[in-house]
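[1] build the 3D model from these lines:
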Amino acid sequence: MSNWHILEQNRASRKLNVVFHIPVPVENNDANPAVSLRAALAESIKPRKDDGTYGVFQSVLTTISPSELVQLQNGELLEVVSTISYLAGQGNVAKRQKVSDRYDAMVINKIAGLRAKFKLYGDE
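    Below is the predicted model of the structure:
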C-alpha cells in the first residue's frame with residue numbers, strides 16, 4: 001500500500017493530481033464509545049442510490065489493490081484527492097517532496113477533521 005498515488009501530471013498548468021490514502025486511527029468517538037471512528041467513516045462514505053439504498057464505496061483509482069480497497073471501505077484509510085502545483089523547472093525529486101510534505105500535513109489535518117465531524121456520531 002502506498003500513502004499516495006499520482007493520477008496525472010499536467011505540464012501546461014504545472015499541477016499534479018494526487019490521491020492520498022491516510023490511515024485512520026483505532027479509536028472510539030465521544031458520544032458513543034461503541035462506535036469507532038473507522039466505523040463512522042465507513043458508513044459515511046457509502047454512496048446513496050436513487051432508490052434510497054446504499055451502495056459500496058469505490059476508489060477513484062482504477063488500479064487499486066483489492067486489500068487497499070477493503071481498507072478504504074472499512075474506514076481504515078481515508079481517500080483524499082488533491083491538486084498540487086509546482087514550479088517550472090522543478091525536477092521529479094522536488095515534486096515528490098512536495099507531495100510527501102502535503103501528505104504529512106494532511107495526516108494531521110484530516111484526522112483532526114474526522115474526529116470533529118464524528119465526535120457525536122451515534123449519539124442517541
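
[2] any weak-confidence spans in the protein?
    For the chain, the stretches with pLDDT under 70 are 1, 123-124.

[3] ranges for the helices of it?
    All helices of the chain, identified by DSSP state H, fall at 37-44, 66-73, 92-117.

[4] give me the contacts around the second one.
    Spelled out, that is helix 66-73. Met1, His21, Ala42, Ile45, Val56, Phe57, Gln58, Ser59, Ile64, Leu77, Leu78, Glu79 (Cβ atoms under 8 Å, 6 or more residues apart in numbering). C-beta here means a position set from N, CA and C on the backbone, and glycine is covered the same way.

[5] need the residue closest to the centroid of this protein.
    Glu79 (1.9 Å; Cα atoms, centre = their mean).

[6] ok, that residue touching Val18?
    No - the criterion here is Cβ atoms under 8 Å, and Glu79 misses it with Val18 at 11.1 Å.

[7] for Val80, give me its contacts.
    Contacts of Val80 by Cβ under 8 Å, 6+ apart are Val19, Phe20, Ile22, Met106, Lys110.

[8] and these, which are buried?
    Val19, Phe20, Ile22, Met106 (16 or more other Cβ atoms under 10 Å).

[9] TSV for those, including distance to Tyr86?
    Below are the buried ones among the contacts of Val80 laid out as TSV (distance: Cβ to Cβ, whole Å):
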residue	distance to Tyr86
Val19	17
Phe20	16
Ile22	21
Met106	17
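
[10] any idea how far Pro25 is from the most far-flung residue of the chain relative to its centre?
    Residue distances from the centre of the chain (Cα atoms, centre = their mean) peak at Gly89, which lies 29.2 Å from the mean C-alpha position. Per Cβ to Cβ, to the nearest Å, Gly89 is found 39 Å from Pro25.

[11] before we move on, the earlier item: overlap in contacts, Glu79 and Val18.
    With Cβ under 8 Å, 6+ apart as the test, Glu79 and Val18 reach no residue in common.
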